[in-house]
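**Student:** Model the structure of this input:
(2 chains)
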Amino acid sequence: DAGVIQSPRHEVTEMGQEVTLRCKPISGHDYLFWYRQTMMRGLELLIYFNNNVPIDDSGMPEDRFSAKMPNASFSTLKIQPSEPRDSAVYFCASSGWAADTQYFGPGTRLTVL
Amino acid sequence: TQLLEQSPQFLSIQEGENLTVYCNSSSVFSSLQWYRQEPGEGPVLLVTVVTGGEVKKLKRLTFQFGDARKDSSLHITAAQPGDTGLYLCAGGHDMRFGAGTRLTVKP
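**Tutor:** Predicted coordinates for the structure are as follows:
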């Protein structure tokens, strides 16, 4: 079975540009999580969805960040406009109805110049 | 928000040594998970502990959940270079992660 799929794997952009990260969760999973990881701050939860509905977005840094889940098999995390401090590895993870085990994608390494 | 504190933050040991890392909180958790993350990859689940006082073994790794379900430990026996990585604990209904323990095992 395919695991969580993220694209792109690497993204280099310039400050001010819009960035869209994509995630396909494991089929049948009810929960989808977006995380950001940096050396300084570790793994930070940004937002999570249950059955395509955003449940907690308190971790989203500011209005420049937005996330959508239009259907059970696809989610996006958008940053507009991007800033150098947004440089990090962004992970998507999904889990089943119990939400007690998360399966992570390979991550997107974002560099904002 | 239920916070998880992990210690030590960094640990560097020689191959063959034993080690223990900790995950502590002031909150009670229905379950805690331990993950290992290798460079360039996402975290991978090692184990889930559910019952207070529970001990689970995974080859040379021993996981324990505190009686009060507020803390957990991971003990590695005879560490090997392949154990090198970032060890993360997670818990709570929204699956928050601790900052992790970065383990380096030198050959």
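**Student:** and the nearest residue to B:Pro39 once chain neighbours are set aside, how many residues sit next to it?
**Tutor:** Distances taken as CB to CB, 6 or more residues apart in numbering or on different chains place B:Gly85 nearest to B:Pro39, at 7.9 Å, with adjacent residues excluded. Quick note: C-beta positions are derived from backbone N, CA and C, even for glycine. Per other CB atoms under 10 Å in any protein chain shown, the neighbour tally for B:Gly85 reads 20.
**Student:** now do B:Gly92
**Tutor:** When counting by other CB under 10 Å, one arrives at 19 neighbours for B:Gly92.
**Student:** I'd assumed B:Leu32 was in contact with it.
**Tutor:** No - B:Gly92 is beyond contact range of B:Leu32, at 9.0 Å (criterion: CB atoms under 8 Å).
**Student:** Can you tell me how far B:Thr104 is from A:Met40?
**Tutor:** B:Thr104 sits 19 Å away from A:Met40 when distances are taken as CB to CB, to the nearest Å.
**Student:** Who has more neighbours out of the two?
**Tutor:** More neighbours surround B:Thr104 than the other of B:Thr104 and A:Met40, with 13 against 5 (other CB under 10 Å).
**Student:** Confirm the more buried one sits in a helix?
**Tutor:** No - assessed by DSSP: H, G, I helix; E, B strand; the rest coil, B:Thr104 does not belong to a helix; its assignment is strand.
**Student:** beta partners of it?
**Tutor:** Per DSSP bridges, the residues bridged to B:Thr104 are B:Ser12.
**Student:** got the contact list for it?
**Tutor:** Neighbouring residues of B:Thr104 by CB atoms under 8 Å, 6 or more residues apart in numbering or on different chains: B:10-13, B:84.
**Student:** nearest residue to the spatially most central residue of chain A other than its sequence neighbours?
**Tutor:** Centroid-nearest residue in chain A, with CA atoms, centre = their mean: A:Trp34, separated by 3.3 Å. Sequence neighbours aside, A:Leu46 is the residue nearest to A:Trp34 in space, at 4.4 Å (criterion: CB to CB, 6+ apart).
**Student:** Give me the helices and strands touching the helix or strand hosting the one you found, please.
**Tutor:** Taking DSSP states H and E as the criterion, A:Leu46 maps to strand A:42-50. Where contact means 3 or more CB pairs under 8 Å, 6 or more residues apart in numbering or on different chains; DSSP states H and E, strand A:42-50 is packed against strand A:31-38, strand A:53-56, strand A:65-71, strand A:74-79, strand B:96-97.
**Student:** All good on my end, thank you.
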